[in-house]
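Trainee: sequence plus the predicted model coming up.
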Amino acid sequence: MIIYIDENDENKRLDSYLVEITPDLSRSKIQNFIKSGNVKINDTIKKPSYSLKENDKIEFEIPEQEDLTIKPQNIPLDIVYEDENMLVVNKPSGMLTHPTTIERENTLVNALLYKYGENLSDINGEFRRGILHRLDRNTSGLLMIAKNNNVHEFLANQIKEHTLTKKYRAIVKGVIKEDELEINLPIGRNPNQPHKMMVREDGKESLTRVKVLERFKEHTYVELTLITGRTHQIRVHMSHIKHPVYNDTLYGAGHGKVKTEEQVLQSYYLSFTKPFGNEIINLEIEPDEKINKVLRTLSC
């Protein structure tokens, strides 16, 4: 198996990452597997504690007795765009993009496997068939899916080179005075809470553009354009400037008066070059029910 590391998994320990994608193997088995030379990073052998870097190539073979099959499930897909090479789905809030060590069912990948079977890219492994980029469980919206590895590489290059456009809608705490602003602050993993990210000097360059759509008494409705695509980028940047996303309890927003599934954040717009051509595809969806629900309450 060959896997290329993206920015979402950088800084993870090698052994921890392999445990995550091979949940039927114990950590000790994984560590022995690495120490025995059965895992190579960029064609070299590393220690189990090696810290992964973006674009690292991992090569390894899972022991034959381990079953890493992901169960196809007949879960409806909201397909916004599709051609012979790819599709774009509208992922609902509350759904994981792909299986984890804890949850292996009811994810977007389970639904994709039911509809497309083997007709999905496998560059990022069985747990991430077709997946080019991710949205947090409670962030809804547009996700690109690759049907084969050539398409995966074509679209992944657009993500890497920042030649596609991704825009989000969000409701944040507090009133933002500026009509437009840029947040250019590096983001890295929080050393004390590894499940969180934070602004830190040695982090990766991260740029978010913010445009105010509507102001309320104690909140602001905004459009956010991602120039880079770091893990939790919008949530970290908005929290850092004291305007956390509504109901984002992980990054300090607390619970708002309107109950929703965590952060009120939606990936609503995508613009990209169609694979193997020059046609630009522009996709936009309406605000989801979570955003509308909060907006109705704030407007009263």
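Mentor: In hand now; what should we look at? Note that this is a predicted model, so its numbers are computed, not measured.
Trainee: check contacts around Met198.
Mentor: By Cβ atoms under 8 Å, 6 or more residues apart in numbering, Met198 lies in contact with 187-190, 236. Backbone N, C-alpha and C define where each C-beta goes, glycine included.
Trainee: name the nearest residue to Thr165, ignoring sequence neighbours.
Mentor: Ser271 (4.1 Å; Cβ to Cβ, 6 or more residues apart in numbering).
Trainee: quick check: can you name the pairing partners of the helix or strand harbouring the one you found and their directions?
Mentor: Element membership of Ser271 [criterion: DSSP states H and E] is strand 265-273. Strands that pair with strand 265-273, judged by DSSP bridges, come out as strand 140-146 (parallel), strand 165-173 (antiparallel), strand 280-284 (antiparallel).
Trainee: distance to Glu126 for those strands - can I get that in CSV?
Mentor: Shown next, in CSV, are the strands paired with strand 265-273 (distance: least, Cβ to Cβ, whole Å):
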stretch, distance to Glu126
strand 140-146, 15
strand 165-173, 26
strand 280-284, 28
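Trainee: and the ones you listed, which is most packed in?
Mentor: Neighbour counts (mean count of other Cβ atoms under 10 Å) averaged over each of the strands paired with strand 265-273 peak at strand 140-146, with a mean of 25.
Trainee: what does that strand contact?
Mentor: So strand 140-146 is in contact with 80, 85-93, 97, 108, 112, 120-121, 130-135, 152, 155, 166, 168, 265-270, 272, 283, 285, 288, 290, going by Cβ under 8 Å, 6+ apart.
Trainee: and if you look at stretch 199-206?
Mentor: 7, 10, 54, 183-188, 228, 230, 233, 236-237, 240.
Trainee: from those, which ones fall inside helices?
Mentor: If you go by DSSP state H, these have 233, 236-237, 240 in helices.
Trainee: from the chain's centroid, how far away is the helix or strand encompassing Asn292?
Mentor: If you go by DSSP H and E, Asn292 is part of helix 289-299. Its chain's C-alpha centre and that of helix 289-299 lie 24 Å apart, by Cα atoms, centre = their mean, to the nearest Å.
Trainee: flag every buried residue along it.
Mentor: 290-291, 294-295, 298 (16 or more other Cβ atoms under 10 Å).
Trainee: kindly report the same for stretch 175-192.
Mentor: Buried residues in stretch 175-192, counting neighbours by 16+ other Cβ under 10 Å, are found at 176, 183, 185-189.
Trainee: now distance to Glu103 and pLDDT too, for those, in TSV please.
Mentor: Formatted as TSV, the buried residues of stretch 175-192 follow (distance: Cβ to Cβ, whole Å; pLDDT from 0 to 100):
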residue	distance to Glu103	pLDDT
Ile176	35	98
Ile183	32	98
Leu185	31	98
Pro186	31	97
Ile187	25	96
Gly188	26	92
Arg189	22	88
